[in-house]
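Asker: how would this look folded up:
(2 chains)
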Amino acid sequence: MLRSFAVLSLIGILCLPCQALALERLRLATTTSTENSGLLDLLLPPFEAAQDCHVDVIAVGTGKALKLGETGDVDVVLVHARAQEEAFVAAGFGVARSDVMYNDFVVLGPATDPAGLRGDADVTTVFARIAASTADFISRGDESGTHFRERQLWREAGVTPEGSWYLEAGRGMGEVLVMANERMAYTLCDRGTYLAFKDKLELEVILSGDRRLFNAYGVIPVNPAQQPHVNYLLAKAFCDYLVSAPARALISGFRKSGEQLFFVAQ
Amino acid sequence: MQYLFDSVAAALNLILTFDPEVLSTVGVSVYTSVCSLLLASLLGVPAGMLLGTSYFRGRRLVVTLLNTLMALPTVVVGLLLFGLFSRQGPLGSWGLLFTPWVMIVGQTVLATPIVANYTLVAVAGADPRILPTALTLGASPLQSQLRLLREIRFGVMAAVIAAFGRVIAEVGVAMMLGGNIRGYTRTMTTAIALETSKGEFAFGLALGLVLMTVALMVNVFLNVLQQK
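Answerer: Predicted structure coming up:
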């Protein structure tokens, strides 16, 4: 028994991740859409090489990412919910918000389009008509950037979404797409995730292009005055990098199944 | 069916090509599990033996509580420790959140009740004359406990194997406390959750098969130790 313990302890010590301890680490809380699309795999390595650091990506919903910034558990946040981001900076949790890039949301629905929405270009009337129809709508229900936007659209449509047709999944975008696909329901989705899932789904784009579906990503360093332990210098360098010409070129050049996913802010 | 074939093919490919990313997640999984098992054994085995060999008022209550702790949901452990290790929490200044170390703490919390319970059951099943005999023959209390430990070593090994099953397969603690950071805190289970959320179902299942292969190898290793 004791000998087995000695053997196991030795193994434990031998595989100590030494190299992981040496580098400076920057903790980035971001949304699942930036990580899952593969954009960060392209954007981070040049920054890591230039700064000789390692960026720890924690991919969660926008609400949780901002919460992690507020509690000082991360150094910088890259999220997409303009109103919440401005409130975050106004409350003193973050220093200054920079526009990084944007993409857009699309309204998805079954190919049969049971509510007959196709051809309507106004997202608020489309939302009001989903509520009035018998078709189901699946909401993220997880305080993510997409969920914030969806609730804002319901407000603008003058609808309080409740009832058996409104299903709050409380899950990530991918799971919600699969759920909407299985239940032949409508849903709101960011274009990047939709493109990634396109081949596995029978859902189709019902509406896109309305300016209210515009989805801007901002980067905010956590305020060192509130959280003295955060790595502000590196966080600031990261924000500067994201708006620099080389990073903008990488973002604009990023393609998934031939389509551009993110557009840099003008 | 195609889906299952794709998964098996992808799993074989990942294993045979020693995919570096998969190797790193396997490494994190095995490392955190082994460390937490060591800690859980150091805490759980003495606790189980002590509880099994002593009699006091309220012992049944303690045993029932210990049994209940085995049902502790991983997400609850994650939430509790998150509150403890977040910068806003009492241990926030240690800066351990989103590191493998806090995952080890969480998995230790999950594994310790299992180790303690199995040890307790092994003590109850052992010959009750071992301790008094050893003491009568002049052994110190510590020596006689070690004698008992030798007698119940198979039960203790079963405890470690059961606890290994719990920690290698859990996703709540690893996800909440580790943050699923690639190459640092991403384990097999959080990688599977990530692939699922990306819609890469076949690849997720392939990672599941890799995880089972790793579990098989660890269990074979533990089995060999047990034979000695």
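Asker: tell me, please, the helix or strand in chain B that averages the lowest pLDDT.
Answerer: Taking mean pLDDT, DSSP states H and E as the measure, the helix or strand of chain B with the lowest value is helix B:2-16, at a mean of 84.
Asker: roughly how far out does that one sit from the chain middle?
Answerer: For helix B:2-16, the gap between its own C-alpha mean and the chain's C-alpha mean amounts to 27 Å (Cα atoms, centre = their mean, to the nearest Å).
Asker: buried ones in whichever helix or strand comes after it?
Answerer: Counting by DSSP states H and E, the element after helix B:2-16 in chain order, helix or strand, is helix B:20-53. For helix B:20-53, a neighbour-count test (16 or more other Cβ atoms under 10 Å in any protein chain shown) marks B:22, B:24-26, B:28-41, B:43-45, B:47-49, B:51-53 as buried. Every residue, glycine included, has its C-beta placed from N, CA and C.
Asker: now do the contacts for the nearest residue to B:P73 once chain neighbours are set aside.
Answerer: If you skip the residues right next to it in sequence, B:P73 has B:G172 as its closest partner in space, 6.8 Å away by Cβ to Cβ, 6 or more residues apart in numbering or on different chains. Contact analysis of B:G172 by Cβ atoms under 8 Å, 6 or more residues apart in numbering or on different chains lists B:73-78.
Asker: point to the residue nearest the middle of chain A.
Answerer: Of all residues in chain A, the one closest to the mean position by Cα atoms, centre = their mean is A:T31, 2.8 Å from it.
Asker: gap between that residue and A:L66?
Answerer: From A:T31 across to A:L66, the span is 10 Å (Cβ to Cβ, to the nearest Å).
Asker: anything in contact with each of those two?
Answerer: For the pair A:T31 and A:L66, residues contacting each of them under the criterion Cβ under 8 Å, 6+ apart are A:V79.
Asker: next, count neighbours for the closest residue to B:P90 other than its chain neighbours.
Answerer: Excluding the flanking residues, the one nearest B:P90 by Cβ to Cβ, 6+ apart is B:L84, at 6.2 Å. Counted with other Cβ atoms under 10 Å in any protein chain shown, residues neighbouring B:L84 total 17.
Asker: I'd say B:L84 and B:S93 touch.
Answerer: No: using Cβ atoms under 8 Å, B:L84 is not in contact with B:S93, being 11.8 Å away.
Asker: that older thread, from the contacts of B:G172, list just the buried residues.
Answerer: Neighbour-count burial (16+ other Cβ under 10 Å) is assigned, among these, to B:74, B:77-78.
Asker: next step: those restricted to helices.
Answerer: When helices are assigned by DSSP state H, the members of the buried ones among the contacts of B:G172 inside them are B:74, B:77-78.
Asker: now render those as TSV, adding pLDDT.
Answerer: Formatted as TSV, the entries for these read as follows, by pLDDT from 0 to 100:
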residue	pLDDT
B:T74	94
B:V77	95
B:G78	94
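Asker: want to throw those into CSV with distance to chain A?
Answerer: Supplementary listing: those in CSV, determined by distance: Cβ to the nearest Cβ, whole Å:
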residue, distance to chain A
B:T74, 17
B:V77, 18
B:G78, 13
